Each structure stands twice: as C-alpha cells, then as structure tokens.
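In: I'd like to go over a predicted model; first the sequence, then the structure.
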Amino acid sequence: MTPFDLTGRLAVVTGARRGIGRAVARALAEAGADVIGVSASLEKSGSAVEQDVTAAGRSFEAIRADFADPEAVRALGADLAGRERRVDILVNNAGTIRRAPAAEHTDEDWDLVLQVNLSAQFALARAVGARMAARGRGKIVFTASLLSFQGGITVPGYTAAKHGVAGLTKALANEWA
C-alpha cells in the first residue's frame, strides 16, 4: 500500500537520471504515476530510472534536455504543455553546482548555475504551470537546498540560485493557489 494513490497521473521529473530525481521518479511510479524522466544525459532506453519505473508497472518516457540551453528548455516546456495527455505533476529537480571562492567564481560559472538551477526551473514551471492553473489542478515541486537558508562557502552561484528557487516557489504558490 502507498500513502497516496497517483494512478492515472502523469509526472515529469527533471534531473531524473540519478540521485534525488531517480528516487522521486521511483516513488511516484510506486504510487501509480506514469513518468517522463528528463536529464541532459539520460539514455533513450534502458536507464536505471526507466527500470525502476517499469518495475513498478508504470510507463516511462525519456527526454534529453540540457537545462544550460535556454532554447532547449523552452522547447521542452512547449512540448510538455502541448501534449494531449496533460502533465499532472512537475518535479523541478535538475541542477548543477560550481565550486570556487567568491572572489574567483567566474561569470561563466555564475551564469551556468543560475540558468540551470533557477531560470530553467522558472521557464519550465511557467510553461507547464500555465496549463495547470487554467484547469485549476496540478502540482509543481521544486528542489531547493539547505543553502537556501544558511548560505554556504565557495558556492555563491548555487546558493543564490537555490535562494531564488525558494522565493520562486513561494511566489508561484501565492499566485496560483
């Protein structure tokens, strides 16, 4: 028995290839959801996350999308929002980190981390969330970090992005509730 039943629901999990994303995809499938897994390096078939989801008796679709590429994120959002089968759950989990002391943290690392961890998250939530808001139903989950509350050392871009994710989550919850 699962604590909740997601039978018939479609979940999209970004950063699904490993770690938190893979565990979330598996848990959603075990609760009955079909899963679309998204990652920049996700195998088209036969991935570990696909095996997890199908072992739970659910369908799995793999999509490769590089969140460092704004155009790829916009295309993914349009694809997901335009599908006949609506997305019921979006788990915005994809992320990256670059470590360097603040005085040495390059603009390129800053831009990359904010694009992947914050800007892409917003663009995807906007595309999928607009359809959810229009029908009055749907769930968006963001993965932030304890660094959203405590800062961190040698990860200024990551910390700023995760603070932004925490704020974005509140802003969208207030607006779309």
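Out: It's in.

In: packing partners for the lowest-mean-pLDDT helix or strand in the chain?
Out: Using mean pLDDT, DSSP states H and E, the weakest-scoring helix or strand in the chain turns out to be helix 147-150, at a mean of 87. Contacts defined by 3 or more CB pairs under 8 Å, 6 or more residues apart in numbering; DSSP states H and E place helix 147-150 against helix 156-176. C-beta coordinates here come from the backbone N, C-alpha and C atoms, glycine included.

In: what's the helix it packs on in contact with?
Out: 92, 95, 97-98, 102, 105, 109-110, 112-114, 116-118, 121-122, 125, 129, 132-133, 140, 142-145, 147-149, 151-152 (CB atoms under 8 Å, 6 or more residues apart in numbering).

In: in it, what counts as buried?
Out: Within helix 156-176, the residues that count as buried by 16 or more other CB atoms under 10 Å are 156-165, 168-169, 172.

In: pull the CA atoms of it into CSV?
Out: C-alpha atoms of helix 156-176 as CSV (Å, rounded to 0.1, in the frame of the first residue of the first chain):
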residue,chain,number,x,y,z
PRO,A,156,27.9,31.7,-4.5
GLY,A,157,26.1,30.9,-7.7
TYR,A,158,24.5,27.7,-6.3
THR,A,159,23.4,29.5,-3.1
ALA,A,160,22.0,32.4,-5.0
ALA,A,161,20.1,30.1,-7.4
LYS,A,162,18.7,28.0,-4.5
HIS,A,163,17.6,31.1,-2.6
GLY,A,164,15.8,32.1,-5.8
VAL,A,165,14.2,28.7,-6.1
ALA,A,166,12.8,29.1,-2.6
GLY,A,167,11.4,32.5,-3.4
LEU,A,168,10.0,31.4,-6.8
THR,A,169,8.2,28.5,-5.1
LYS,A,170,6.5,31.0,-2.7
ALA,A,171,5.7,33.4,-5.5
LEU,A,172,4.1,30.8,-7.7
ALA,A,173,2.2,29.2,-4.7
ASN,A,174,0.8,32.6,-3.8
GLU,A,175,-0.2,33.5,-7.4
TRP,A,176,-1.5,30.1,-8.5
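
In: next one: it to chain centre, how far?
Out: Between the centre of helix 156-176 and the centre of its chain there are 13 Å (CA atoms, centre = their mean, to the nearest Å).

In: same check, this time on stretch 64-83
Out: 12 Å.
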